[in-house]
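[1] Only the shape, not the letters, is given here:
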């Protein structure tokens, strides 16, 4: 009996050794749990995104590359939203906005949910090293791509299309 327990413990230890937990923001880490109010006053949570391919975009009104990327993300959402693509923009507040964030979004034609990235939320995503930062999660909530800095929306779209298959 003691030998059988020891054998089972060894099997369990071997199995757990292969189950490495990924740090937040690291490729193959999970979409963190969050719940917040977006800039339009609506509740938004990670639970709303379950089962979807998700673009998480960290941005700011003063970020020129953000202004170039965001309309491309909106175009993808318009095109692939019915196939379960979601997008959330998380606004950095480390510097003063150059314009009202809702007017900024309207001017760019952005309709996906936008919210302020609190320090706690930034930590949940593993810390943000630069803007823009784009994170692409698969339908299982696993981080598949992380881009720090500008990326052509067509490159992100190719990956989105692959994940939507």
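    Looks like it came in fine. These figures come from a predicted structure and were not determined experimentally. Residues are numbered from 1 along each chain as shown.

[2] make it CA atoms for all contacts and neighbour counts henceforth
    Noted.

[3] just checking, next helix/strand downstream of the helix or strand of the chain with the lowest mean pLDDT?
    Evaluated with mean pLDDT, DSSP states H and E, the helix-and-strand set of the chain has its lowest mean pLDDT in helix 2-17, which scores a mean of 40. The C-terminal neighbour of helix 2-17 among helices and strands, as given by DSSP states H and E, is strand 35-37.

[4] Can you spell out which helices and strands pack onto that following strand?
    Counting contacts by 3 or more C-alpha pairs under 8 Å, 6 or more residues apart in numbering; DSSP states H and E, strand 35-37 packs against strand 43-45.

[5] Quick one: list the elements packing against the strand it packs on.
    Under the contact rule (3+ C-alpha pairs under 8 Å, 6+ apart), strand 43-45 is packed against strand 35-37.

[6] Check what pLDDT the residue most central in space within the chain gets.
    When C-alpha atoms, centre = their mean is applied to the chain, the residue found nearest the centroid is residue 56 (2.9 Å). According to the model's per-residue confidence, residue 56 sits at a pLDDT of 98.

[7] and for the helix or strand harbouring it, what are the contacting residues?
    Using DSSP H and E, residue 56 maps to strand 53-59. Under the criterion C-alpha atoms under 8 Å, 6 or more residues apart in numbering, residues 66, 73, 84-92, 117, 131-139, 141, 160, 163-164 lie in contact with strand 53-59.

[8] In ChimeraX, select just the buried ones from the residues you listed.
    Selecting only the buried entries of the contacts of strand 53-59 in ChimeraX, with 16 or more other C-alpha atoms under 10 Å as the criterion:
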select :66,73,85,86,87,88,89,90,91,92,117,131,132,133,134,135,136,137,138,139,141,160,163
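
[9] Please flag which of the contacts of strand 53-59 sit within strands.
    Taking DSSP state E, the ones among those that sit in strands are 85, 86, 87, 88, 89, 90, 91, 133, 134, 135, 136, 137.

[10] Quick check: the two most widely separated of these?
    The span of the ones in strands among the contacts of strand 53-59, defined through C-alpha to C-alpha, is set by 85 and 91 at 20.0 Å.
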